[in-house]
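Student: need a 3D model of the sequence below.
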Amino acid sequence: MQIAVSGNIGSGKTELTRLLAKHYGYRAVYGPTDENPYLSSFYEDMRRWSFNMMVHSLCSNIGQLAELKKTGESFVRDRSLFDDVYVFAPNLQSMGLMTTRDLATYTRLFEMTYPLLPQPDLLIYLRSDVPTLIRHIQKRGRQLESSIRLDYLTNLNNRYDNWASTYEGKLLVVDTEELDFVENREDLGTVINRIDAEFNSLFGHPDNHPSDL
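Tutor: I've put the predicted structure just below:
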């Protein structure tokens, strides 16, 4: 079983990944974002470094997913490749921060490699309003995120909503304005019950795994 957790910056992907991995006994997998040597430069000058940052992220994620495919483990992953390809990269292009030529090259790299990688059995989209995202970003206090622009977050949110509405795989939308799965155990239980229902529809029976809740 492979679960991917998608959502905007500050939506709670990392926390939900950790909680679900603990509950189901799966491996928690986190994208190698902090290892991207272009990230700090990107936040300082998005136009100059967007393509470099996105290509490095794509290569790192492809390598990580290829290794996971070899192990055959069940895992919950913080973010999917879809986030970058269908949300972040087109958003950069639409804001004039990535050229159309660079976007086409980046998308082609994805299309050539993605069929060889493990596909998520279930994708969870964490939908959040921008004020909530800003509050979460400020609370965790990451220096690299201190200069993120409001219009950047807003545009990402719109693209996430549009992409989720057209996603053709198994998708579960979790509204973080209604369910606080980090602070409220009952809300976490609600999310898990909804995931179990998706498991039932996938396999025709409950997916029984050890739970630490």
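
Student: what about Ser41, distance to Asn200?
Tutor: Distance of Ser41 to Asn200, given as Cβ to Cβ, to the nearest Å: 46 Å. For every residue, glycine as well, the C-beta is placed using N, CA and C.

Student: tell me the pLDDT of Ser147.
Tutor: In this model, Ser147 is scored at 63, pLDDT.

Student: now Thr113: closest residue in space that isn't a chain neighbour?
Tutor: Ile62 (5.3 Å; Cβ to Cβ, 6 or more residues apart in numbering).

Student: now that neighbour: how far from Tyr167?
Tutor: Ile62 is 20 Å from Tyr167, by Cβ to Cβ.

Student: what about those two, which has more around it?
Tutor: Ile62 (17 against 14; other Cβ atoms under 10 Å).

Student: these two touch, right, the more buried one and Pro118?
Tutor: No. Applying Cβ atoms under 8 Å as the test, Ile62 and Pro118 come out as separate, 11.1 Å apart.

Student: ranges for the helices of this structure?
Tutor: 13-24, 39-44, 46-71, 81-82, 89-94, 100-113, 130-140, 150-166, 185-203 (DSSP state H).

Student: for Gln2, find the nearest of the ones you listed.
Tutor: Among the helices of the chain, helix 46-71 comes nearest to Gln2, with 8.0 Å by Cβ to Cβ.

Student: what is the end-to-end distance of stretch 109-119?
Tutor: 17 Å (Cα to Cα, to the nearest Å).
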